[in-house]
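> Can you look at this prediction? I've put the sequence above it.
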Protein chains: 2
Amino acid sequence: MARPREFEYETALGGAMDIFWRQGYRATNLPELLDAMGLTRGSFYKAFGEKEATYLQALDHYDAKVVSRAVEMLETCDLETATACLAQLFQSDASDNRGCFICNAMVEMGVDNPAVASKANAMAARLRDAILNVLDRFPGTAKAANRSEMADLILHLYFGKQAMGKSGGPSADWEMRLKALLEE
Amino acid sequence: MARPREFEYETALGGAMDIFWRQGYRATNLPELLDAMGLTRGSFYKAFGEKEATYLQALDHYDAKVVSRAVEMLETCDLETATACLAQLFQSDASDNRGCFICNAMVEMGVDNPAVASKANAMAARLRDAILNVLDRFPGTAKAANRSEMADLILHLYFGKQAMGKSGGPSADWEMRLKALLEE
DNA sequence: AGGGTTAGGAACCAAATGGTACAAAACAAC
DNA sequence: GTTGTTTTGTACCATTTGGTTCCTAACCCT
């Protein structure tokens, strides 16, 4: 029918997610973005449209890949490793301090880009629900009355840690902290 | 001796702080910055040098004005209002969701600008010490053994709240939360 | 093999970017 | 008022920005 593309859409989108995640939207110019995606201008604009649309798609990709994996991890963890699982959420899993894409997007784009804010809020809500799910499945982990509050608290701690981590300050043992927080 | 300047340095710097705080570094272009500072190009470059140097100075200004005021507030609050004072830290004091300049700077510039990261970390440490000071002055507010941990926890909650606030998600009653956290 | 269709890539573009040059203007000292 | 010094504002600049054009290449189908 026609010439087939020489790249995989998902792979290229993954590259876009990586660089937007690490550098943010405005700090990433087109040449850098194209390089990260392994594309040339022509194919990029044909397949992805504009830079901003690609950023939105990168957020969706983050939702589908990274957030979903975290949610799944929290849904399948067992009693013994509950706090460890929650703590795993906190440790940044990359050598560079890319932090959390949701947090980065909220801070950089949240104010004047409703589409970004909406997606970011939705992902944060997913995370909150998954945390609450852990607390609900293991009644010992928190007082029944305010499990919902506790989930929100942990979510806020998570965002705080991710934000502060980007400037490379001192880090902490979050498993111990969460254990102390939940076992009172 | 010579022609006097027609603007007040501090006032202009305050304007720079405001717009960098609200919009971030990269999202603020020179015309916007000049407008916010009430300056024209000529006087700006004579008095402030480059855009980046102005950003650094704006951070110092934030330290001297905003952070210092918060620290002072925490140092002078009394027992009855301890949690209220801490909670006051959390409420964003502006109509636009500008969040916290320290948090914004960490997320936007922390990774690839060591000067920004250093200043931001120093301000965060000041905030942490002031929180710890409150906990120390009022032994009832937290278990003695881990007051330092608790201060760090509250600081992280603060950053989390400020980061998430920028995307305008649902907010919460932080005075009640802090009270619950400290009175266990 | 040829036609139809889409991908790829380089050249190109207008606009916006941060930063500079320089002449006019406003003051102080004399 | 003249001189010396610094501010101010405009015009200007090179570079970078995101985005488009358009021609060629590659593939499928018949």
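Yep, that arrived.
> Please point out which parts of stretch A:147-157 sit buried.
A:R147, A:E149, A:M150, A:A151, A:D152, A:L153, A:I154, A:L155, A:H156, A:L157 (16 or more other Cβ atoms under 10 Å in any protein chain shown). C-beta here means a position set from N, CA and C on the backbone, and glycine is covered the same way.
> is it true that the first one touches A:V134?
No: A:R147 is beyond contact range of A:V134, at 9.6 Å (criterion: Cβ atoms under 8 Å).
> Restricting the selection to alpha carbons, write the longest helix that chain A contains to CSV.
Across chain A, the longest stretch assigned as helix under DSSP state H is helix A:114-137. Extracted C-alpha coordinates of helix A:114-137, given in CSV (Å, rounded to 0.1, in the frame of the first residue of the first chain):
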residue,chain,number,x,y,z
PRO,A,114,-5.4,22.7,32.0
ALA,A,115,-4.9,19.6,29.9
VAL,A,116,-1.7,18.8,31.6
ALA,A,117,-3.2,19.6,35.0
SER,A,118,-6.1,17.3,34.4
LYS,A,119,-3.9,14.4,33.4
ALA,A,120,-1.6,14.9,36.2
ASN,A,121,-4.4,15.1,38.8
ALA,A,122,-5.9,11.9,37.4
MET,A,123,-2.6,10.1,37.7
ALA,A,124,-2.1,11.4,41.2
ALA,A,125,-5.6,10.1,42.1
ARG,A,126,-4.8,6.7,40.7
LEU,A,127,-1.7,6.6,42.9
ARG,A,128,-3.7,7.7,45.9
ASP,A,129,-6.3,5.0,45.3
ALA,A,130,-3.6,2.4,45.1
ILE,A,131,-2.1,3.5,48.3
LEU,A,132,-5.5,3.5,50.0
ASN,A,133,-6.0,0.0,48.6
VAL,A,134,-2.9,-1.2,50.4
LEU,A,135,-4.1,0.4,53.7
ASP,A,136,-7.5,-1.1,53.3
ARG,A,137,-6.3,-4.6,52.5
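> Distance from that helix to the middle of the chain?
Offset of helix A:114-137 from its chain centre (Cα atoms, centre = their mean, to the nearest Å): 10 Å.
> How about stretch A:23-43?
20 Å.
> and if you look at stretch A:166-184?
With Cα atoms, centre = their mean, you get 19 Å for stretch A:166-184.
> Sort out which residues of it are buried, please.
Those would be A:K166, A:S167, A:G168, A:G169, A:W174, A:E175, A:R177, A:L178, A:K179, A:L181, A:L182, for stretch A:166-184 by 16+ other Cβ under 10 Å.
> how about the residues of chain A near DNA strand D?
Counting by Cβ under 7 Å from any atom of the strand, chain A comes close to DNA strand D at A:1-4, A:28-31, A:41-42, A:45, A:50-52.
> Which among these count as buried?
A:T28, A:K51.
> can you list the residues of chain A next to DNA strand D in JSON lines and add secondary structure and pLDDT?
Formatted as JSON lines, the residues of chain A next to DNA strand D follow (DSSP: H, G, I helix; E, B strand; the rest coil; pLDDT from 0 to 100):
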{"residue": "A:M1", "secondary structure": "coil", "pLDDT": "75"}
{"residue": "A:A2", "secondary structure": "coil", "pLDDT": "84"}
{"residue": "A:R3", "secondary structure": "coil", "pLDDT": "84"}
{"residue": "A:P4", "secondary structure": "coil", "pLDDT": "83"}
{"residue": "A:T28", "secondary structure": "coil", "pLDDT": "98"}
{"residue": "A:N29", "secondary structure": "coil", "pLDDT": "98"}
{"residue": "A:L30", "secondary structure": "helix", "pLDDT": "98"}
{"residue": "A:P31", "secondary structure": "helix", "pLDDT": "97"}
{"residue": "A:R41", "secondary structure": "helix", "pLDDT": "96"}
{"residue": "A:G42", "secondary structure": "helix", "pLDDT": "95"}
{"residue": "A:Y45", "secondary structure": "helix", "pLDDT": "97"}
{"residue": "A:E50", "secondary structure": "coil", "pLDDT": "96"}
{"residue": "A:K51", "secondary structure": "helix", "pLDDT": "98"}
{"residue": "A:E52", "secondary structure": "helix", "pLDDT": "98"}
